[in-house]
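Enquirer: Sequence and computational prediction follow.
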Amino acid sequence: EAGVTQFPSHSVIEKGQTVTLRCDPISGHDNLYWYRRVMGKEIKFLLHFVKESKQDESGMPNNRFLAERTGGTYSTLKVQPAELEDSGVYFCASSQGGPGNGYTFGSGTRLTVV
Amino acid sequence: QKEVEQNSGPLSVPEGAIASLNCTYSDRGSQSFFWYRQYSGKSPELIMSIYSNGDKEDGRFTAQLNKASQYVSLLIRDSQPSDSATYLCAGTRAGNNRKLIWGLGTSLAVNP
């Protein structure tokens, strides 16, 4: 079974530019989550999709962040325009149920905004 | 006050010893708790989940939950150098069992 795939693995962009992160969950997993870890801080929840619907987007920092999940398959997270404080590692995870059913994390995208 | 607190360490133990990792949480209504291990540059991987007061054992790992004291711990018996990693404690909030609230993580070093 293929795992959760994220790309790019690294991205360095200038402040003001746009970046799009992609996550391909495990096939058949209805639940898809985005989390972010800023250096020196805890991992923070961003949002949760069930299939193509946003179930909870309470963690999205502001309207510069836009997440989509096309047809309930892969998801994208766009940051536009990027700011310095957006730097961090963005993790995607998928599961068939809640976290107790086994979140599987992707390897993350390390975003650096300069 | 952080919702989930962990001592950042580093915690250093000799090979073969018991490593004890601790976590406290502030939401008394939290129901579910998880321990994840994260190697440097890698993604977190689930080690244990625990939902009820008491101990839960899986191989060399034992998770302990005390809801009255709002305390979760992870014991690693017969620690191996390959156990050296950051251990992350996470819990769910009351009324929302889908998103995880994370601690900062405790860095563990097992010395040969």
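Expert: Received, thanks.
Enquirer: Helix or strand: which one has the residue nearest the centre of chain A?
Expert: Nearest residue to the geometric centre of chain A (C-alpha atoms, centre = their mean): residue A:34, 3.5 Å. If you go by DSSP states H and E, residue A:34 is part of strand A:31-37.
Enquirer: any idea of the mean pLDDT in that strand?
Expert: Averaging pLDDT along strand A:31-37 gives 96.
Enquirer: Partner strands of it, with direction?
Expert: strand A:43-50 (antiparallel), strand A:88-95 (antiparallel) (DSSP bridges).
Enquirer: For the ones you listed, give me JSON lines that also has mean neighbour count.
Expert: Backbone N, C-alpha and C define where each C-beta goes, glycine included. Below are these laid out as JSON lines (neighbours: other C-beta atoms under 10 Å in any protein chain shown):
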{"stretch": "strand A:43-50", "mean neighbour count": "21"}
{"stretch": "strand A:88-95", "mean neighbour count": "23"}
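Enquirer: can you put those in TSV and add mean pLDDT and distance to residue B:30?
Expert: Output for the strands paired with strand A:31-37, formatted as TSV (pLDDT from 0 to 100; distance: least, C-beta to C-beta, whole Å):
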stretch	mean pLDDT	distance to residue B:30
strand A:43-50	95	14
strand A:88-95	95	19
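Enquirer: Please name whichever of these is nearest to residue B:11.
Expert: With C-beta to C-beta as the measure, strand A:43-50 is the member of the strands paired with strand A:31-37 nearest residue B:11 (19.4 Å).
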